[in-house]
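In: please work out how this folds:
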Amino acid sequence: RGRRENGGRNFFISNSNRSNSKSDLRRSSPPPPKREIIPDNEPKYFPGAASLHEELDKTVLIVLRDGRNLIGTVRSYDQFSNVVLEDTKERHFVDNIYGDIPLGLYIVRGDSMVLMGEIDLDEESTFLKKVSAEEIVLLQAEKSEEIHHSLDWDFGDQN
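Out: Down below sits the predicted model:
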């Protein structure tokens, strides 16, 4: 390649197409793309589903639209915020008692997620008591039965 300078500008001309026309000299490479400068005090995060990249290989709690709570390790995600969880457990609460029901590998549809946040399973709760999966299911059934029996519908005399 030959190199010419014209008024402080560099021009590249291939050896096979050497010409001295003024149109060749006016052509220059496009300007470099402008870089966005992010001040140090502003948060640096990806918008939308790309923000899930920060949650890869972390243990998260996901609250679903139907009220279920899932805990698992994020292994993958896509552009629709669908998430693949490994070692997933469904967490149930009854008063100040909780229990985890193991589910295994789980795919969560992005539009069914209400909330997702990182959770530290090593940090023990001081006000919640953990019980086994069988115990929490029994406690939930008892609580549901209690609520069902406490509903007294009085429709008066229908006759």
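In: next, the closest residue to I97 other than its chain neighbours: phi, psi?
Out: Leaving out its chain neighbours, the residue that sits closest to I97 by Cβ to Cβ, 6 or more residues apart in numbering is K129, at 5.0 Å. Backbone N, C-alpha and C define where each C-beta goes, glycine included. K129 adopts backbone torsions of phi -100, psi 130, taken as degrees, to the nearest 10.
In: just the pLDDT for K129.
Out: pLDDT for K129: 90.
In: what of Q140?
Out: pLDDT recorded at Q140 is 88.
In: so how many other residues sit close to V108?
Out: V108: 22 surrounding residues under other Cβ atoms under 10 Å.
In: isn't the residue nearest to I97 up against V94?
Out: No: judged on Cβ atoms under 8 Å, K129 makes no contact with V94 at a distance of 10.1 Å.
In: E54 in helix, strand or coil?
Out: With DSSP: H, G, I helix; E, B strand; the rest coil as the basis, E54 sits in helix.
In: do you know how far it is from E118?
Out: Distance of E54 to E118, computed by Cβ to Cβ, to the nearest Å: 9 Å.
In: what about Y98, how many neighbours?
Out: The tally of other residues near Y98 (other Cβ under 10 Å) stands at 17.
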